[in-house]
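1. What follows is a predicted structure for the sequence shown.
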Amino acid sequence: VQLQASGGGLVQPGGSLRLSCAASGSTLNIIRMGWYRQAPGKQRELVATITNAGLTNYADSVGGRFTISRDDAKNTVYLQMNSLKPEDTAVYYCNTMTRNRGIYFDYWGQGTQVTVSS
């Protein structure tokens, strides 16, 4: 599976951005898609995930501000980020999990920079 992320950039505090991630390749085995982020000097952390059934999971720090969604026809996952804060500044990575014959795999996109600053 190949992942192509886009939509990062520079935004002022309180602003909004929408990230997109398109999957290609062996997409039939995808069971979950999501976003992680890594700020300088910190470990990569979960932001939000969404399963094939539409079940979502969010980090406490983004709940109520970020919304994850997916378009299965386009094999694309989106992250709508509102009320952005400087602490949301990080490289955001698209992630997908596949399951094939009981074996799980994680795939990662190239990362897109989000900077929240005035």
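-> The structure has been received and is ready for your questions.
2. got the buried residues for stretch 31-50?
-> R32, M33, G34, W35, Y36, R37, V47, A48, T49, I50 (16 or more other Cβ atoms under 10 Å). Placement of C-beta: from N, CA and C, glycine included.
3. for stretch 75-90, same thing?
-> Buried residues in stretch 75-90, counted by 16+ other Cβ under 10 Å: N75, T76, V77, Y78, L79, M81, L84, D88, T89, A90.
4. and that stretch, how far apart are its ends?
-> Its first and final residues considered, stretch 75-90 spans 24 Å by Cα to Cα, to the nearest Å.
5. Just give me the closest of the buried residues of stretch 31-50 to T67.
-> Nearest to T67 among the buried residues of stretch 31-50: A48, at 8.0 Å, using Cβ to Cβ.
6. Would you mind checking the average pLDDT for the strand or helix carrying that closest one?
-> Secondary-structure element containing A48, defined by DSSP states H and E: strand 45-51. For strand 45-51, mean pLDDT rounds to 97.
7. starting at the chain centroid, how far to it?
-> Here the centre of strand 45-51 is set off from its chain's centre by 7 Å, with Cα atoms, centre = their mean, to the nearest Å.
8. Show me what that strand is packed against.
-> strand 30-38, strand 56-58, strand 66-71, strand 76-81 (3 or more Cβ pairs under 8 Å, 6 or more residues apart in numbering; DSSP states H and E).
9. just so I know, which of these lies nearest Y107?
-> Nearest of the helices and strands packed on strand 45-51 to Y107, taken as Cβ to Cβ: strand 30-38 at 8.8 Å.
10. Contacts for that closest one next, please.
-> For strand 30-38, contacts defined as Cβ atoms under 8 Å, 6 or more residues apart in numbering pick out 1, 19, 21, 23, 44-52, 57, 68, 70, 75, 77, 79, 88, 90-99, 111, 114.
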